[in-house]
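[1] Build me a structure from this.
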Amino acid sequence: MTFQLDKQPGNPAATDITASYSNSGGAPLDGFTLQAAVPKAMQLRLEPASGGLVPPHSSGAVTQRLEASFCSTDPV
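    Predicted coordinates:
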């Protein structure tokens, strides 16, 4: 699994994350899902993965986009 992090232009509180899933084994990874958590001061949005099966001997065959952002700390 590799992660590519990109800052959103004009929104320094948000980070776009692209996860790429690889499988060096000889059998497919079927039903693979990513679970993630962030501190309470942040929000995390996960988009669906590009597929539910990571083929054997593959590199980056399945990708998924996540967005992490800090919640506003402005008083209400």
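[2] Which positions in stretch 32-52 come out as buried?
    Buried residues in stretch 32-52, counted by 16 or more other C-beta atoms under 10 Å: 32, 46, 49. Using the backbone N, CA and C atoms, a C-beta is placed for each residue, glycine as well.
[3] Please give me every residue in contact with the last one.
    If I follow you right, that is residue 49. By C-beta atoms under 8 Å, 6 or more residues apart in numbering, the residues touching residue 49 are 21, 32, 33, 34, 62, 63, 64.
[4] repeat that for 6 Å
    Neighbour list for residue 49: 62, 64 [criterion: C-beta atoms under 6 Å, 6 or more residues apart in numbering].
[5] And the pLDDT at it?
    pLDDT for residue 49: 94.
[6] now swap in the first one and tell me
    The predicted structure scores residue 32 at 84 on the pLDDT scale.
[7] pretty sure it is touching residue 53, no?
    No. In this structure residue 32 lies outside contact range of residue 53 using C-beta atoms under 6 Å: 7.3 Å.
[8] circling back to that earlier point, I'd like the buried residues of stretch 32-52 as a markdown table, with secondary structure appended.
    Below are the buried residues of stretch 32-52 laid out as a markdown table (DSSP: H, G, I helix; E, B strand; the rest coil):
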| residue | secondary structure |
| --- | --- |
| 32 | coil |
| 46 | strand |
| 49 | coil |
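[9] Show me which of those residues is closest to residue 15.
    residue 46 (13.3 Å; C-beta to C-beta).
[10] Please list all residues in contact with the closest one.
    residue 66.
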